[in-house]
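A.B. asks: what's the 3D shape of this:
(one chain, ligands or ions: 1)
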Amino acid sequence: MNIANNRKKIVVLTGAGISAESGIKTFRDSGGLWENHNIMDVASPVGWRKNKNLVINFYNERREQLAEVKPNFAHTYLAELENDFDVQIITQNVDDLHERGGSTKILHLHGELTKVRSTFDASLVYDIGYTKLNIGDNCDLGYQLRPHIVWFGEDVPAISEAITYCMRADYFIVIGTSMEVYPAANLIDYVPKQAPKIIIDPNIPAFTTPISNLVKIEKKASEGVKELKEYLTN
Ligand code: APR
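C.D. replies: So this is what the prediction gives:
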């Protein structure tokens, strides 16, 4: 018998708030600016067409910053939960702090900072770690590379896989997301009615539809996961 298959399934949806205590700024806590940039200038296909240099430099800076920060207690706590539960992380974050925190099952909904991809064939994805991307860096087919990030207005290819995980969840945990960006914000609607839905955020988002079995932990991620621990072990 495979014991791992009998473990309760925890699905965790994370957003920028889980990385805030590591020193990465959230998006909507800074008045519509992302690290002093208008979000649409650096995270949309229109922004890319308008000024590729600005976009490339912006993500180069984010990658450089990522190399300097570390996972915090919330990231490592989620990794430790794997000792007792089948834990699937679904993250909107493009950082790699869940990976470095030790989690093993991570689905990135909005892409990854440490990767770039072809502007011609989106399946050509390359790992560049924390190094810089430059204008003139091309894919194997000779087309400019771009950050491997899902920008506003673009498809979210990982969403159907995420929905499947949510439908099988015994517990659904949401940490540090304003639930303002779709389709990620809809994922909670795919979680079975009976599954507890535990939200950890110092500023709990308002939900547009009634949510069954909702547990609110109005705390920062690192504090909130300690309460979660009590909830899961009782
Ligand atoms: N611990 C937990 N939550 C926190 C903390 C903290 N220390 N600090 C802030 N938060 C919460 C805020 O209260 C807010 O609810 O984190 C949330 C951050 O929300 P957003 O800035 O909107 O980030 P997110 O929900 O991840 O954004 C979704 O939007 O810009 C796009 O693609 C980008 O993935 C991103 C998506």
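A.B. asks: Those residues of the chain touching the ligand, which are they?
C.D. replies: 15-17, 20-21, 26-29, 39, 92, 110, 175-178, 180-181, 201-203, 205, 220-221 (C-beta under 6 Å from any ligand atom). The way it works is simple: take the backbone N, C-alpha and C, and place the C-beta from them, glycine included.
A.B. asks: at 5 Å what do you get?
C.D. replies: By C-beta under 5 Å from any ligand atom, the part of the chain that sits against the ligand consists of 15-17, 20-21, 26-28, 92, 110, 176-178, 181, 201, 203, 220-221.
A.B. asks: Just the strands from this protein, written as ranges.
C.D. replies: Counting by DSSP state E, the segments of the chain that form strands are 9-14, 33-34, 37-38, 86-91, 106-108, 111-118, 125-127, 145-149, 171-175, 197-200, 214-217.
A.B. asks: and the second one, average pLDDT?
C.D. replies: Taken as a whole, strand 33-34 carries a mean pLDDT of 68.
A.B. asks: neighbours around the residue lying closest to residue 150 once chain neighbours are set aside, how many?
C.D. replies: For residue 150, ignoring the flanking residues on the chain, the nearest one in space by C-beta to C-beta, 6 or more residues apart in numbering is residue 110 at 4.4 Å. When neighbours are counted by other C-beta atoms under 10 Å, residue 110 registers 19.
A.B. asks: try residue 181
C.D. replies: Count around residue 181 with other C-beta under 10 Å applied: 17.
A.B. asks: Give me the distance between the closest residue to residue 67 other than its chain neighbours and residue 145.
C.D. replies: Once flanking residues are discounted, residue 67 sits nearest to residue 130: 3.9 Å by C-beta to C-beta, 6+ apart. According to C-beta to C-beta, to the nearest Å, residue 130 stands 16 Å off from residue 145.
A.B. asks: who has more neighbours, the two?
C.D. replies: More crowded of residue 130 and residue 145, by other C-beta under 10 Å: residue 145, with 23 against 14.
A.B. asks: Grab the longest helix from this protein for me.
C.D. replies: Counting by DSSP state H, the longest helix found in the chain is helix 52-68.
A.B. asks: Which strands or helices does that helix pack on?
C.D. replies: When contacts are defined as 3 or more C-beta pairs under 8 Å, 6 or more residues apart in numbering; DSSP states H and E, helix 52-68 packs onto helix 39-42, helix 45-50, strand 111-118, strand 145-149.
A.B. asks: Including mean pLDDT, could these go into TSV?
C.D. replies: As requested, the helices and strands packed on helix 52-68 are exported to TSV (pLDDT from 0 to 100):
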stretch	mean pLDDT
helix 39-42	92
helix 45-50	97
strand 111-118	98
strand 145-149	98
